[in-house]
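Engineer: Got a predicted structure here, sequence first:
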There are 2 protein chains.
Amino acid sequence: MSVMEMSHRGKEFLSIIQKAESDLRSLLYIPPDYTILFLQGGATTQFAAAPLNLCSSPTDAVDYIVTGSWGDKAFKEAAKYCNPKSIWSGKSDKYTKIPNFDSLNQTPGAKFLHICANETIHGVEFKSYPTPAGQNEVLVADMSSNFCSKPVDVTKFGMIYAGAQKNVGPSGVTIVIIRSDLIGNAQAITPVMLDYKIHADNNSLYNTPPCYGIYMCGLVFEDLVEQGGLAEVEKKNVRKGSLLYDAIDGSKGFFRCPVEKSVRSLMNVPFTLAKPELEAEFVKEAAKEKMVQLKGHRSVGGMRASIYNAMPLAGVEKLVAFMKDFQARHDHA
Amino acid sequence: MSVMEMSHRGKEFLSIIQKAESDLRSLLYIPPDYTILFLQGGATTQFAAAPLNLCSSPTDAVDYIVTGSWGDKAFKEAAKYCNPKSIWSGKSDKYTKIPNFDSLNQTPGAKFLHICANETIHGVEFKSYPTPAGQNEVLVADMSSNFCSKPVDVTKFGMIYAGAQKNVGPSGVTIVIIRSDLIGNAQAITPVMLDYKIHADNNSLYNTPPCYGIYMCGLVFEDLVEQGGLAEVEKKNVRKGSLLYDAIDGSKGFFRCPVEKSVRSLMNVPFTLAKPELEAEFVKEAAKEKMVQLKGHRSVGGMRASIYNAMPLAGVEKLVAFMKDFQARHDHA
């Protein structure tokens, strides 16, 4: 019987979801006072669920640091359920920076401070984390696009959430890691499927979960454990990222990455060509070499190489060799 | 590249989701003024989304016919977003009946009338549908467990929703079929992921959808078309259901189905043994013959044979033969 056919309440599937949870717990050193949930609906659903669960009143203050499009979407959705304030936005710099944490003007009494740990579209990644000023010190992070790409000190966060589809499984699974004491205060208007207490009380089996996706996540967690854990995974990602950024920075301006060096993402590497008229040609020639999906997000243009965990070093090496060759053929013009 | 790896905005996946939608449209003869959405979160998410989208105010009246546990859950969730009334409940009869529609006392001005077309746990299935009294005649049906098991006149419904996992695909995909004029009036507190207009405007690609699950649904739709459409599928289901119910009714009381004959589900067949002490033995012996998951839902006990589209006639024949053999061996006692 395939995982797709099993009852989600049968002992076979229970052992699958429990193993997945246990492997994830060991990968991220998640302490016992944190609850792990396997949910649906992507990070976008959590944009609503976080304030619905963590704010008891729509007047509750909440702070958002907006370093890209995803953080901005989270901020806008929150306005339906609390009183969110964007205490810093990188928009005027086209989302290429992360603020100095000391300069942040956090709202006293804010229920949580929200960040998007890695902005998929803009390639901006937090390398360290701000300390929330609120009494409860609740830092909430959308880690959808760098989840399990490196070790993270979970104890610094009140809640971490991530769509699975970048690093840990197929789309359709969302993982929430939350300090258990934050569960149980959802607003009355919270849909049952967005209420963390319902899912925590039912071990993510309140209704039929995306069983096959969770099974796949479990296989990936197992593989990450076998690779030696997230410290080893990070080493590989650093090597891949350095290779690509060095190629960009060493191109004498032929290629250019707009993101401030200290906060460049190891997952999503956006770059442009000094001659924008060559960009379409670059994407076309790369595709001929079987390197696809290098076009930047439609909202920003240029190119973007997404080099998630599953991208091998050889893939980045091939891209870098292609970039050098492309430059050699076009730079004289 | 696997469907799991594709960009959901790439032309490859677009052709997959468009083909799935088009095949579903032809299977159910869905008219052009109905929108098809591929969503996440199961029917349980729709329990909230339906009133959030179809009622503009929390004081709006809505009617629910409650024929089982799922209808009851939908009714209870609605109370967060509108003023729902249970105009008929089968609870006192242990959910074994469907009301006479003429006897229903519908609320004038109700925004919609909600039914659960097939109650998975209790095995009660609507064979015809009530006409909503509300001005707009909006009948809303949860068809999770009999979706695509037979032809349905979609024009009788304002909205149909269904989790995919019973008849059309893996868990993690929810299908909504809604009259397009009903879209666009969601309450201000509606999470963006529960807002039908967002999904309709973005062809179910607002955020990353459960691509692999949608791909699987598309393969199933293709297969159902090849089988000759839902009229042919229904013939097979009638044959399977009749065989099993005849075996129960012909057992001289050894087996018993509590559901009123005229509304017995062709998908979920609950039955008990006259001697309840034999039920555990029945389940155990059946498992030895590789017939599993025959134990009734934990909330009702007894046995339940779920004979969805994917269960072949041979599977039901095997069960019936086993039941006769089991009776022969135990009836003398």
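Structural biologist: Ah, there it is.
Engineer: Can you tell me which residues in the stretch 1-150 of chain A are near chain B?
Structural biologist: A:1, A:4, A:7-10, A:40-45, A:47-49, A:52, A:77, A:80-81 (C-beta under 8 Å from any C-beta of the partner chain). C-beta: built from backbone N, CA, C; applies to glycine.
Engineer: Low-confidence bits of chain A, can you list those?
Structural biologist: Across chain A, the stretches falling below the confidence threshold (pLDDT under 70) are A:333.
Engineer: just checking, A:Ser145 touches A:Leu266?
Structural biologist: No: using C-beta atoms under 8 Å, A:Ser145 makes no contact with A:Leu266, being 10.4 Å away.
Engineer: contacting residues for the residue in the stretch 201-333 of chain A that chain B sits nearest to?
Structural biologist: Across the stretch 201-333 of chain A, no residue is closer to chain B than A:Pro210, which sits at 3.1 Å (C-beta to the nearest C-beta). With contacts taken as C-beta atoms under 8 Å, 6 or more residues apart in numbering or on different chains, A:Pro210 has the following neighbours: A:Phe38, A:Gln40, A:Gly172, A:Val173, B:Gln40, B:Pro170, B:Ser171, B:Gly172, B:Pro210, B:Gly213.
Engineer: circling back to that earlier point, buried among the residues of the stretch 1-150 of chain A next to chain B? Need that as a selection in ChimeraX.
Structural biologist: One line in ChimeraX is enough to select the buried ones among the residues of the stretch 1-150 of chain A next to chain B; burial here means 16 or more other C-beta atoms under 10 Å in any protein chain shown:
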select /A:7,8,40,41,42,43,44,45,47,48,49,52,77,80,81
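Engineer: now, which of the residues of the stretch 1-150 of chain A next to chain B lie within helices?
Structural biologist: Using DSSP state H to define helices, the subset of these located there is A:Gly42, A:Ala43, A:Thr44, A:Thr45, A:Phe47, A:Ala48, A:Ala49, A:Leu52, A:Glu77.
Engineer: count of neighbours near the closest residue to the third one other than its chain neighbours?
Structural biologist: If the residues on either side of it in the chain are set aside, A:Thr44 comes closest to B:Asn207, at 4.5 Å by C-beta to C-beta, 6 or more residues apart in numbering or on different chains. When counting by other C-beta atoms under 10 Å in any protein chain shown, one arrives at 23 neighbours for B:Asn207.
Engineer: ditto for A:Leu14
Structural biologist: What A:Leu14 shows, counting by other C-beta under 10 Å, is a neighbour count of 15.
Engineer: likewise A:Ala321?
Structural biologist: 12.
Engineer: A:Ile36 too?
Structural biologist: For A:Ile36, the neighbour count with other C-beta under 10 Å is 20.
Engineer: show me the contacts for A:Val283.
Structural biologist: Contact criterion C-beta under 8 Å, 6+ apart gives A:Leu294, A:Lys295, A:Met303 as the residues in contact with A:Val283.
Engineer: quick revisit: in which helix or strand does the residue nearest to A:Thr44 reside?
Structural biologist: Mapping B:Asn207 onto the secondary structure by DSSP states H and E places it in no helix or strand at all.
Engineer: Check whether it really touches A:Gln46, as I assumed.
Structural biologist: No: taking contacts as C-beta under 8 Å, B:Asn207 lies outside contact range of A:Gln46: 10.9 Å.
Engineer: A:Gly172 and B:Gly172 touch, don't they?
Structural biologist: Yes: counting by C-beta under 8 Å, A:Gly172 touches B:Gly172, with 4.4 Å between them.
Engineer: Give the residues shared as contacts by those two.
Structural biologist: Taking C-beta under 8 Å, 6+ apart as the contact rule, A:Gly172 and B:Gly172 both touch A:Gln40, A:Pro210, A:Gly213, B:Gln40, B:Pro210, B:Gly213.
Engineer: can you list those in JSON lines and add distance to A:Ala310?
Structural biologist: Rendered in JSON lines, the data for these read as follows (distance: C-beta to C-beta, whole Å):
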{"residue": "A:Gln40", "distance to A:Ala310": "22"}
{"residue": "A:Pro210", "distance to A:Ala310": "19"}
{"residue": "A:Gly213", "distance to A:Ala310": "16"}
{"residue": "B:Gln40", "distance to A:Ala310": "23"}
{"residue": "B:Pro210", "distance to A:Ala310": "19"}
{"residue": "B:Gly213", "distance to A:Ala310": "20"}
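Engineer: In strands only, show me those.
Structural biologist: Secondary structure assignment (DSSP state E) places none of the shared contacts of A:Gly172 and B:Gly172 within strands.
Engineer: Is A:Glu232 in a helix, a strand, or coil?
Structural biologist: Reduced to three states with DSSP: H, G, I helix; E, B strand; the rest coil, the structure at A:Glu232 is helix.
Engineer: Pull the number of nearby residues for it.
Structural biologist: 13.
Engineer: Can you name the residue of the stretch 51-200 of chain A nearest chain B?
Structural biologist: Of the stretch 51-200 of chain A, the residue with the smallest distance to chain B, taken as C-beta to the nearest C-beta, is A:Gly172 at 3.1 Å.
Engineer: Just give the closest residue to that residue, not the sequence neighbours.
Structural biologist: Using C-beta to C-beta, 6+ apart and skipping residues adjacent in sequence, the residue nearest A:Gly172 is B:Pro210, 3.1 Å away.
Engineer: Show me the strands in the stretch 1-150 of chain A, by range?
Structural biologist: A:34-39, A:61-66, A:83-89, A:113-116, A:118-119, A:124-125, A:139-142 (DSSP state E, counting those that start in this stretch).
Engineer: Just name the most buried of those.
Structural biologist: For those, ranked by mean neighbour count under the definition mean count of other C-beta atoms under 10 Å in any protein chain shown, the leader is strand A:118-119 at a mean of 30.
Engineer: Please tell me how far that one is from the chain's geometric centre.
Structural biologist: 6 Å (C-alpha atoms, centre = their mean, to the nearest Å).
Engineer: who wins for proximity to B:Asn118 among the strands of the stretch 1-150 of chain A?
Structural biologist: The stretch from the strands of the stretch 1-150 of chain A with the least distance to B:Asn118 (C-beta to C-beta) is strand A:34-39; that distance is 25.9 Å.
Engineer: partner strands of the closest one, parallel or antiparallel?
Structural biologist: If you go by DSSP bridges, strand A:34-39 pairs up with strand A:174-179 (antiparallel).
Engineer: Give me the contact list for the partner strand.
Structural biologist: Residues lying outside strand A:174-179 but in contact with it, judged by C-beta under 8 Å, 6+ apart, are A:24, A:28, A:30, A:33-43, A:45-46, A:49, A:138, A:147, A:154, A:157-164, A:168, A:196, A:199, A:217.
Engineer: which ones are touching the residue in the stretch 1-150 of chain A that chain B sits nearest to?
Structural biologist: Chain B sits closest to A:Ala48 of the stretch 1-150 of chain A, with a gap of 3.6 Å, by C-beta to the nearest C-beta. Taking C-beta under 8 Å, 6+ apart as the definition of contact, the neighbours of A:Ala48 are A:Glu77, A:Ala78, A:Lys80, A:Tyr81, A:Leu194, B:Pro191, B:Val192, B:Met193.
Engineer: switch to 10 Å and redo it
Structural biologist: Residues near A:Ala48 by C-beta atoms under 10 Å, 6 or more residues apart in numbering or on different chains: A:41, A:74, A:77-78, A:80-81, A:190-191, A:194, B:189-194.
Engineer: With A:Glu279 instead?
Structural biologist: A:Glu279 makes contacts with A:Phe271, A:Thr272, A:Leu273, A:Leu294, A:Lys295, A:Gly296, A:Gly301, A:Gly302, A:Met303, as judged by C-beta under 10 Å, 6+ apart.
Engineer: Of the residues you listed, which is the most crowded?
Structural biologist: A:Phe271 (25 neighbours).
Engineer: and that one, what are its bridge partners?
Structural biologist: Here A:Phe271, judged by DSSP bridges, has bridge partners A:Met303.
Engineer: Which parts of chain A are helices?
Structural biologist: Counting by DSSP H, the helices of chain A are A:11-27, A:42-54, A:69-78, A:196-201, A:211-226, A:230-249, A:279-288, A:313-330.
Engineer: Lovely, talk soon.
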